[in-house]
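In: Give the three-dimensional model of this entry:
(one chain, ligands or ions: 1)
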Amino acid sequence: MAQSIGILTAGGDSPGLNAAIRGVGKAAIGAYGMHVIGFRDGFRGLMQDRTMRLSGSELSGILTVGGTILGTSRDKPNKMPVGNEVLDMTGAMIDTYRKYNLDALVCLGGGGTAKNAYHLMQSGLNVITLPKTIDNDVAMTDMTFGFDTALGIATEAIDRLHSTAHSHHRIIVVELMGHNAGWLTLGAGLSGGADVILIPELPYDIQVVAEAIKQRKLRGSGFSIVAVSEGALSREDAASMAHARTKKKEAEGEKAKGKAGARLATLELQMKDRTLNLSRQLEELTGLESRVTILGHLQRGGTPSAADRLLATRLGAACAKLIHQGVFGVMVAARGDGAEPVPLGEVVGKRKVVPLDHEWIQTA
Ligand code: F6P
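Out: I've put the predicted structure just below:
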């Protein structure tokens, strides 16, 4: 029977992380009599043995608080920057785990965290993960916590941009987070009534976008809201990126690999200001004035929505129950109103992007 567990939060922070820490902790302590400790700043804190007591008092009053009381980092166990080097620090993490006689390590994070947890699982630790990210791109779960809050914030931003765009007869290009998955942009674009929605899954044709805006103007709407994911690309850029990525994958030998890598890096750099470029291009093609709003980390900050608090709490409680039952090496996935353990091997290496035949795309 599990007696001691550790919890860490890794990857980008997300509203609902504290609700999940609280959900796991209160159920583990209250229902199963476990001892709970937290590790600070993700896998780095586990490596450095930096802990935080998580008893009743630390778990109180955090349900509504944004961010994570444990701190987070994007550090990976097997590729950890230490001084001037990047080292495999898995051994140090195993030592910390053993030092506290842990029966399980709970890792709260997205796809990258699931991969890192899977690595620790293969190194012999009992791990269990919960899916969080505002991107909603973790495979094998209906939903991740953090997404609903970000959706609300982004939708409110689009609502507010409407009145100023309307008053000035302008285009406003609003950039939302999401390098690879367009869930947030598509969801907020639909909820906020954006006139054009551009997501990474569906490379766009700038002429088609400009034409749609011109048509709106002809129909009497002199303003347009363009919601764009930070990872959305034009068809031409998507083709160049895909080509550069294939070249990098296929490159053999140090020299060829270096050249292909440099080409990809240059392309990525050139595309860094793509939202600004998109806005400029639309000005030229439509004759309308255009402005850019980048929502950035606003989408990740602050208090979680009720839906995220509920999701994080119930997944957290389900997680404690699974640990009590001795179920490890899984992600606690959201399935309808319930929670289901999914083997980590089925989660890692996959990303849930928007399927092109998804209902939200049809609706848009
Ligand atoms: O958490 C995922 C995410 O929000 C992505 O959508 C975004 O591109 C990225 O994090 C930003 O990360 P950082 O805060 O490390 O710049």
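In: Next one: residue 206, what pLDDT does it get?
Out: For residue 206, the model assigns a pLDDT of 98.
In: can you pull the contacts of it?
Out: 234, 278, 281, 282, 285 (Cβ atoms under 8 Å, 6 or more residues apart in numbering). The C-beta positions use only the backbone N, C-alpha and C, and glycine is treated the same way.
In: Sort out for me which of those residues are in helices.
Out: Among those, DSSP state H puts 278, 281, 282, 285 in helices.
In: Let me know the pLDDT of the first one.
Out: Right, residue 278. As summarised for this prediction, residue 278 has a pLDDT of 97.
In: which non-adjacent residue is nearest it?
Out: Nearest residue to residue 278, sequence neighbours excluded (Cβ to Cβ, 6 or more residues apart in numbering): residue 173, at 5.9 Å.
In: Report the contact partners of the residue of the stretch 101-250 of the chain found nearest the ligand.
Out: Nearest residue of the stretch 101-250 of the chain to the ligand: residue 177, at 3.5 Å (Cβ to the nearest ligand atom). Taking Cβ under 8 Å, 6+ apart, we find residue 177 in contact with 134, 135, 150, 184, 229, 230, 295, 296, 299, 300.
In: May I have the strands that pair with the strand or helix carrying residue 107, each with its orientation?
Out: In the assignment (DSSP states H and E), residue 107 maps to strand 104-109. If you go by DSSP bridges, strand 104-109 pairs up with strand 4-9 (parallel), strand 127-131 (parallel).
In: Report whether the last one contacts the ligand.
Out: No: among the residues of strand 127-131, none lie within reach of the ligand under Cβ under 6 Å from any ligand atom; the closest is 12.0 Å away.
In: pLDDT of that strand, averaged?
Out: 98.
In: from here on, count from 42
Out: Right, with 42 as the first residue, what we last looked at is strand 168-172.
In: Downstream of it, the next helix or strand is which one?
Out: Counting by DSSP H and E, the next helix or strand C-terminal to strand 168-172 is helix 188-209.
In: Could you write out the alpha-carbon coordinates of that next one in PDB?
Out: Presented in PDB, the C-alpha positions along helix 188-209 are these (Å, rounded to 0.1, in the frame of the first residue of the first chain):
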ATOM      1  CA  PHE A 188      -7.400  24.900 -21.800                       C
ATOM      2  CA  ASP A 189     -10.800  26.200 -20.600                       C
ATOM      3  CA  THR A 190      -9.300  29.100 -18.700                       C
ATOM      4  CA  ALA A 191      -7.200  30.200 -21.700                       C
ATOM      5  CA  LEU A 192     -10.200  29.800 -24.000                       C
ATOM      6  CA  GLY A 193     -12.200  32.200 -21.800                       C
ATOM      7  CA  ILE A 194      -9.400  34.700 -21.600                       C
ATOM      8  CA  ALA A 195      -8.700  34.600 -25.400                       C
ATOM      9  CA  THR A 196     -12.400  34.800 -26.100                       C
ATOM     10  CA  GLU A 197     -12.800  37.900 -23.900                       C
ATOM     11  CA  ALA A 198      -9.800  39.500 -25.700                       C
ATOM     12  CA  ILE A 199     -11.400  38.800 -29.100                       C
ATOM     13  CA  ASP A 200     -14.700  40.300 -27.800                       C
ATOM     14  CA  ARG A 201     -12.900  43.400 -26.700                       C
ATOM     15  CA  LEU A 202     -11.000  43.800 -29.900                       C
ATOM     16  CA  HIS A 203     -14.200  43.700 -31.900                       C
ATOM     17  CA  SER A 204     -15.400  47.100 -30.700                       C
ATOM     18  CA  THR A 205     -12.100  48.900 -31.400                       C
ATOM     19  CA  ALA A 206     -11.700  47.200 -34.800                       C
ATOM     20  CA  HIS A 207     -15.300  48.100 -35.700                       C
ATOM     21  CA  SER A 208     -14.900  51.800 -34.600                       C
ATOM     22  CA  HIS A 209     -11.700  52.300 -36.700                       C
END
